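Colleague: give me coordinates for this.
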Amino acid sequence: MHETVNVLDRREDWIERRRTHVGELRKRSAEAANKLTRLYSAIEDGLVGQGAEGLKDRIRELEAIKVEAKADADRAEAAIEKLGPMITPESIERMATAAREGLRDADGKYRRAHVRSVAQRVEVLSTVEIKIMGGRTELLRTMAASAGEHSVLVEVRSSKPKWRAGYDSNC
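Modeller: You can find the predicted model right below:
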């Protein structure tokens, strides 16, 4: 459960950093909009001539900043919403339970395909204990794909022999 807490803490930290970033982007967009409003007001009040050098460039620049910051904030927010609820302590526990149950088949042998679907390395520690190690990304992807409701084996990695022209041992 200790590793579960670490994964969840890291996920929460990531989400918090992303929310801070979204806030900064929204602030940047609002500041650009305010500058545009003040610039348009200055033009309307006659404080700045419409033919002022660089005015059109500045307006285009502020418009681009406003639009890009808003679009970036929307994308970042969508990423947070998409990834936020996927990983919970309950889903991690369901995945761990499904993985434990799926490790052995009816006759007590290990299911290699099942272990390979989530593991990069397996160490046999004793007759009753094994240690499965894998990349965090691969483990989280597998867990998210199954949503902890089905068997963890959504897709089992396999290798298919590639046909190659050349020496044929059957000839």
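
Colleague: tell me what the longest helix along the chain is packed against?
Modeller: Scanning the chain for the helix with the most residues, using DSSP state H, yields helix 2-44. For helix 2-44, the helices and strands in contact under the criterion 3 or more C-beta pairs under 8 Å, 6 or more residues apart in numbering; DSSP states H and E are helix 55-83, helix 89-102. C-betas here are computed from N, CA, C, even on glycine.

Colleague: and the protein, what are its domain boundaries?
Modeller: As assigned by automatic domain parsing, the chain contains the domains 2-85, 89-146.

Colleague: compare the mean pLDDT across the ones you listed and name the weakest.
Modeller: Lowest mean pLDDT within the domains of the chain: domain 89-146, a mean of 69.

Colleague: related to what we said a few turns ago, what's the angle from the longest helix of the chain to helix 55-83?
Modeller: Per axes from the mean of the first three to the mean of the last three C-alpha atoms, to 10 degrees, the angle that helix 2-44 makes with helix 55-83 is 160 degrees.

Colleague: how big is the angle separating helix 2-44 from helix 89-102?
Modeller: Relative orientation of helix 2-44 versus helix 89-102 (the same axes, to 10 degrees): 140 degrees.

Colleague: quick one on the thing from earlier: could you dump the helices and strands packed on helix 2-44 to TSV with distance to Ile15 and mean neighbour count?
Modeller: Below are the helices and strands packed on helix 2-44 laid out as TSV (distance: least, C-beta to C-beta, whole Å; neighbours: other C-beta atoms under 10 Å):
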stretch	distance to Ile15	mean neighbour count
helix 55-83	6	14
helix 89-102	15	16
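
Colleague: among the ones you listed, which is nearest His21?
Modeller: Closest approach to His21 among these (C-beta to C-beta): helix 55-83, 6.0 Å.
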